[in-house]
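1. Need a 3D model of the sequence below.
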Amino acid sequence: MSYDFSNSKILVIGDLMLDIFYYGKSFRESPEAPVPVIEDSDIRNILGGALNVANNIKNLGGNVSIIGMLGEDKEAQIINDLLEKENISNTGIFKNKNFKTISKKRIFSNNIQIARIDKEDQNYKFNFTDKDISQIEKQISSCDILILSDYNKGFLSENLIPIIIDIARSNNVKIIVDPKKLNFASYKGASIITPNLKEIQDATGITIANQKHLIDICKKIVNEHDFEHIVATKSEDGISIISKTEDHHISGKLVNNPDVSGAGDTVIAALALGLSVGLDIYSSANIANIAAGLVVAKEGTSVVSISELKESV
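-> Predicted coordinates:
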């Protein structure tokens, strides 16, 4: 099985975020409210959202380009500094001073998360000119695999997604989607979607009873929306790959106290890289399953390196 992704060209389009982890120690409760007083803080800034997908691709040895939106604020500057450190280009990223760069600040007291503070502008309207679409088309036409990392924050709008999918299909570029929208019809015509069980249940309104029930539901989704495969992630129960006519299951690995932050990003990154070097969907999903097992054993939003992957197979 090939693990040389040095010639792979993956394009990630989606919601760009900054993940902030604020670690502190607490020895007493505040006299003002029943909350801990946190001291000796340690702050970690990490690429989040679609940027975490890109970072996983880079650390697994692939070449990655990014399309998304950043503001002109301190969070955007931190992201650009992190991208430069990871040697990931930001040339495809749109910038708008009226846009608030999305961030998620997680606050920990004695290694226990006690709060999360999100910064985003839910009223911002994404408008794309013909010039913008041409720029997107140029990047799609030169990539091996296209990933849509949709955190449902607005960049991948109901108007933009079908345009992107049409461009990719006309250029024979495979499209993999990490879906967050409640209606999978938004991604009609994509090659592969990678929902977890909760996302499938939320999108269909059906509680999944067992593996056979999952297969039946996914085959219906595939037929309705012209997908080639659904790669359903099931945490410690592994991954199921389901098409119109076939289904295949890969067992998971039990990890003590797993941290699933960003695990879906690792799955879609590894899956895309496998497909980019000519592996079939099953071999690619097996790589993704191994990578997921590695990343959930780490703390917070993390990535898997190519050396870690090779050591685990």
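2. can you pull out the strands in the protein?
-> Taking DSSP state E as the test, the strands found in the chain are 9-14, 16-29, 36-49, 63-67, 69-70, 94-95, 102-109, 112-119, 145-149, 174-178, 192-193, 229-233, 239-242, 247-250.
3. Dump those to TSV, plus mean neighbour count and mean pLDDT.
-> (C-beta placed from N, C-alpha, C; glycine too.) Formatted as TSV, the strands of the chain follow (neighbours: other CB atoms under 10 Å; pLDDT from 0 to 100):
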stretch	mean neighbour count	mean pLDDT
strand 9-14	26	98
strand 16-29	19	95
strand 36-49	16	92
strand 63-67	23	98
strand 69-70	22	98
strand 94-95	14	96
strand 102-109	20	96
strand 112-119	12	94
strand 145-149	27	98
strand 174-178	25	98
strand 192-193	28	98
strand 229-233	26	97
strand 239-242	22	97
strand 247-250	17	96
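4. Using CSV, please lay out the ones you listed together with distance to I217.
-> Below are the strands of the chain laid out as CSV (distance: least, CB to CB, whole Å):
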stretch, distance to I217
strand 9-14, 25
strand 16-29, 30
strand 36-49, 27
strand 63-67, 31
strand 69-70, 33
strand 94-95, 36
strand 102-109, 30
strand 112-119, 31
strand 145-149, 22
strand 174-178, 17
strand 192-193, 13
strand 229-233, 9
strand 239-242, 9
strand 247-250, 11
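5. So for E299, which of those strands sits nearest?
-> strand 16-29 (8.6 Å; CB to CB).
6. Give me the sheet partners of that closest one and which way each runs.
-> Strand 16-29 pairs in its sheet with strand 36-49 (antiparallel), strand 102-109 (parallel), by DSSP bridges.
7. Could I get the ones you listed in JSON lines, plus columns for distance to L271?
-> Shown next, in JSON lines, are the strands paired with strand 16-29 (distance: least, CB to CB, whole Å):
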{"stretch": "strand 36-49", "distance to L271": "17"}
{"stretch": "strand 102-109", "distance to L271": "24"}
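8. quick one: which of those is nearest V304?
-> When those are compared by CB to CB, strand 36-49 sits nearest V304, at 14.0 Å.
9. Would you mind measuring from the residue nearest the centre of the chain to I46?
-> Compute the mean C-alpha point of the chain, and by CA atoms, centre = their mean the closest residue is D265, 3.3 Å away. Plainly put, D265 is 11 Å away from I46 if you go by CB to CB, to the nearest Å.
10. Then G68?
-> Counting by CB to CB, the separation of G68 from I46 is 16 Å.
11. before we move on, what about I206?
-> 35 Å.
12. What pLDDT is listed against V304?
-> We have a pLDDT of 89 for V304.
13. Next one: it from R106, what distance?
-> Separation of V304 from R106 (CB to CB) stands at 21 Å.
14. Quick check: which of the strands paired with strand 16-29 is nearest to G238?
-> Here strand 36-49 is closest among the strands paired with strand 16-29 (CB to CB), at 24.7 Å.
15. and that closest one, how far out from the chain's middle?
-> Chain-centre distance of strand 36-49: 22 Å, with CA atoms, centre = their mean, to the nearest Å.
16. Contacts for it, please.
-> Defining contact as CB atoms under 8 Å, 6 or more residues apart in numbering, one finds that strand 36-49 is touched by 14-30, 52, 54-55, 78-79, 82-83, 86, 102-104, 107, 109-110, 114, 149, 151, 153, 262, 265, 300-301.
17. Determine the residues that are contacts of both of D265 and I46.
-> With CB under 8 Å, 6+ apart, D265 and I46 have common neighbours N52.
18. Could you give the separation between the terminal residues of stretch 202-210?
-> 16 Å (CA to CA, to the nearest Å).
19. State the number of residues packed around I133.
-> Using other CB atoms under 10 Å as the criterion, I133 is surrounded by 14 other residues.
20. what's the closest non-adjacent residue to it?
-> Using CB to CB, 6 or more residues apart in numbering and skipping residues adjacent in sequence, the residue nearest I133 is I163, 6.4 Å away.
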